[in-house]
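Participant: next input, structure requested:
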Amino acid sequence: MGKKKKEESPPKDVFDPLLIESKTPATVVLMLSSPENEVLAKACDALYKFASKDDENKVTLLRLGALEHLYKLLSHEDPLVRRNAVMVFGIMASNRDVKKLLRELDVTNSLISQLAPEEDVVIHEFATLCLSHMAVEYTTKVKIFEQGGLEPLIRLLGSLDPDVKKNSLECIYLLVQDFQNRAAVRELNVIPPLLGLLESEYTVIQLLALKTLEIISKDRETRILLGEHKALDCLLNILENNELSDLHIETLAVLGNCLEDVRVLQQIQLTGGLEKLLSFLEVSTVPDIQKNAAKAITKAAYDSEIRKILHWKEVEKFLLSLLDTNNDEVKVAASQAISAMCENIDSKCVLGLQGIPQLVRLLSTDNEEVKEAAVIALTNLTTASPRNASVVAEAEGIEPLMKTLKAQRDGAVSNAIAVLTNLSLQEPSRVSIQSRGIMTALVGPLRSTNSQVQSKAALAVAAFGCDAVARTELRNVGGLEPLVELLHSNNEEVRRNACWAVLVCGSDELTAIELCRLGALDILEEINLSTKRKNKFSEAALEKLLDNNLPQKYSRMGYLSSNNIITNGFYDCGQVKHGGKFLSLEELSKQELTDRRAIFFINAKPQEIEIKFEISVNRKKNAKTSALDLRRADLRLLRELVNKCIFFFFVRKGKGKKEEEKPKEVIQVTPTIQEEINLENSHWLPPPDFILMDYINEASKTILPLNTTREQVVALAQFVADKMGGTVEREQLHNFCWELDMSAIQFELKSNIVPIGKIKRGSFYHRALLFKVLADRIGIGCTLVRGQYNRAWNEVKLVERSPKGLLLPPQEYVVELMFEPGCLLKQGSAKADRYKRI
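Facilitator: Residues are numbered from 1 along each chain as shown. Reported below is the predicted structural model:
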């Protein structure tokens, strides 16, 4: 019998199989370091199941360092280990902290490598899932693009597995948010697979495909490709299919982008697609569809050719119908579309007549966004359209527009101002707006911090400031101060419109003086010194302010043109230094008497003087007082009285100073009545210059009747010289002591302010000023020029006749008032230069 063969025993170095049951994730994470493929695969599978339960488990694995071990397994040679590791990544990547670590580990390249065609479909599913979670971050988008991830993702759109399609599509959708990736996917021919996914049985895939198409169709090149691939027919078919109503909103968004291209729109029109689209929109009552349709029209209407096509299809009716819906978002979108269509003149006409009443009603809504969109539409409808502006007024739109000036949104305020400005071009509307206090309402917008509101408000001031009542209102409500502040603006449009408003308001003398007081002149001068900041309005505004504030113009510029007519209230305070404050005549009157240069003022207007008389009756101890009002009294009878009162007009000082006791000047009117001047409650007013009045009357009687302007100029020069101390010998000029006489007058008046008529010995600038005053009164055109060293002169233009009787071009002359009064010195001649001491 043979012996029984012995059983072979296992090698000594082989460990018997051991089944381990672990209930802690930390133990399983340790198993990821095992060299055995089976252990690794089972550990990854266990971690996948654990992470799938909730987000807290993902954080636990993150803290245990599982991701670092798993990252190494992405390149493992065993397919099962690699697959299970990718599954863990895919499920964990939804957590924010996990995504942060994945970016630090730079896993995108390893994940993209898992998208190779030969890899398992499960690997494709979870690798794309992980990438879609990470593609939310911009840095990851860049890495996917740079590492060539777009091509495999687009290829996987044709996968048989719906999850792979969905994950790849979602990742592509996130990537094309960046314009660089949009161009890249177009080059990789992404459109055919996207259009193919529109026929998917899964709605989520169809929606993602449409959203992706919406993003990439923002590029013109993509819209052209969509037309070439018959995508428009596909999209229209979706709209016609009521069973696909859940896709209609996104489909309209894609079509809206396509409508921005003229070629695509023409293609739709030729195939009858535009009629289908509009028919669908007219019957739809879904707010989101209506809103997206209006937005699509807004985008398309930016092109002039498209606007024509849309007008031919009467798209205005559809937009007007949307204004009557109950959805605020639809109203906003419709108003925006109306604004865009207004660029077409025919559309503006249709929308104006039928849509303005609806838009006016929307101004009373509580929804600020609707209000803003409606008033923007009104702005576009009324711009350059007097007819539509009239419709707004007829629809009683002025009152709600005025209320909109207090809206919360800056866009609503600025456009409400713009509409009111458009309406101001028509007199009835202008009067109606002004009667509602438009200037008062504009003070708030002028103080706004929004440059658009500032610009529109300043422009409105320029529009309504043409009316004197409106200028007065603006001045009284404190609107000039914020207007002057806008001159400092760095915004070119704001600064230009502010200059325009100052130019218009400067037409009013009182307003011009107030603008100057607020510093407008200094700001305008600064602006005009800059080649970048100045504009035509700034230069004109400066000139206008000076022309309506001649005392300041002469003080600053040292020049008055023949068009600058000196009137009552003018005064010459000398040249103000650059940056120095220009004081009003009343402010100057409050200054103490000094040894400085006198201030000369012009006032040839008799004031209405109210004089109170204290009646003393000898028979009674108690005096009875009554008031006798003398108005328009004969000048000669009042002259002595007023001349004696000049003192009291000049002694009023600043606030806080104790007023001097007023002496009583008694004039006997009847044997039993005494008169007393009471000036205690009077405001400071410059006294009338009766001597100047006599000069004007005398010049009017003796000089004005002369035949020629030359004769008038010569006679007036001699007249002025005679009143100012006569002819002065050139060699004796230093002995012509007019300064002593001037000091005596100042001491007599106890004031630095001297009426020009009080001067009996005048030098160059006294005579030149008096000549200009009288010349302006009797209609002789002349200038007043300030020179150096107390010099001033007048220039006149005279037209001569040739021997043949022909009129020659006017010649400019300097009028001699000192050494040879009446001599006319040709401008530019040696004698003229000598007289001016140039």
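
Participant: walk me through the domains of this protein.
Facilitator: As assigned by the TED database, the chain contains the domains 205-271, 273-436, 462-548, 585-604+687-836.

Participant: output those in a markdown table; the columns should cover distance to Leu80.
Facilitator: Any C-beta I mention is one placed from the backbone N, CA and C, and that applies to glycine too. Listed next are the domains of the chain as a markdown table, based on distance: least, CB to CB, whole Å:
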| stretch | distance to Leu80 |
| --- | --- |
| domain 205-271 | 29 |
| domain 273-436 | 47 |
| domain 462-548 | 67 |
| domain 585-604+687-836 | 98 |
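
Participant: mean pLDDT added to those domains, as TSV?
Facilitator: Formatted as TSV, the domains of the chain follow (pLDDT from 0 to 100):
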stretch	mean pLDDT
domain 205-271	88
domain 273-436	93
domain 462-548	94
domain 585-604+687-836	90
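
Participant: may I see the buried residues of the helix or strand where Tyr695 lies?
Facilitator: According to DSSP states H and E, Tyr695 maps onto helix 690-702. Residues of helix 690-702 classed as buried by neighbour count (16 or more other CB atoms under 10 Å): Phe690, Ile691, Leu692, Met693, Asp694, Tyr695, Ile696, Ala699.

Participant: distance of the first one from Pro606?
Facilitator: So that's Phe690. For Phe690, the distance to Pro606 (CB to CB, to the nearest Å) stands at 8 Å.

Participant: quick one, strands of the chain?
Facilitator: Per DSSP state E, the chain carries strands over the ranges 559-560, 571-572, 599-601, 611-615, 624-628, 667-670, 673-675, 753-755, 784-786, 792-798, 811-815, 824-826.

Participant: what pLDDT, on average, does the fourth one get?
Facilitator: Yep, that's strand 611-615 we're talking about. The pLDDT scores in strand 611-615 average 37.

Participant: next, count neighbours for Ala26.
Facilitator: A total of 13 residues lie near Ala26 under the criterion other CB atoms under 10 Å.

Participant: which residues touch it?
Facilitator: Leu64 (CB atoms under 8 Å, 6 or more residues apart in numbering).

Participant: by contact count, what packs against the helix holding Tyr695?
Facilitator: helix 635-650, helix 709-723, helix 764-778 (3 or more CB pairs under 8 Å, 6 or more residues apart in numbering; DSSP states H and E).

Participant: how about 10 Å then?
Facilitator: Applying 3 or more CB pairs under 10 Å, 6 or more residues apart in numbering; DSSP states H and E, one finds that helix 690-702 makes contact with helix 635-650, helix 709-723, strand 753-755, helix 764-778.

Participant: CA atoms of it as CSV?
Facilitator: Output of helix 690-702 as CSV, limited to C-alpha atoms (Å, rounded to 0.1, in the frame of the first residue of the first chain):
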residue,chain,number,x,y,z
PHE,A,690,-28.3,166.2,-6.9
ILE,A,691,-25.3,167.8,-8.4
LEU,A,692,-24.9,164.8,-10.7
MET,A,693,-28.6,165.2,-11.6
ASP,A,694,-28.0,168.8,-12.6
TYR,A,695,-25.0,167.6,-14.7
ILE,A,696,-27.2,165.1,-16.5
ASN,A,697,-30.0,167.6,-17.1
GLU,A,698,-27.5,170.3,-18.3
ALA,A,699,-25.7,167.8,-20.6
SER,A,700,-29.0,166.7,-22.0
LYS,A,701,-30.0,170.2,-22.8
THR,A,702,-26.8,171.5,-24.2
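
Participant: quick one: distance of it to the chain centre.
Facilitator: Here helix 690-702 is found 53 Å from its chain centre; the criterion is CA atoms, centre = their mean, to the nearest Å.

Participant: try stretch 494-501
Facilitator: That offset, for stretch 494-501, works out to 10 Å (CA atoms, centre = their mean).

Participant: then stretch 53-72?
Facilitator: On CA atoms, centre = their mean, the centre of stretch 53-72 falls 55 Å from the chain's centre.

Participant: mind listing what's buried along that stretch?
Facilitator: Buried residues in stretch 53-72 (16+ other CB under 10 Å): Asn57, Lys58, Val59, Thr60, Leu61, Leu62, Leu64, Ala66, Leu67, His69, Leu70, Tyr71.
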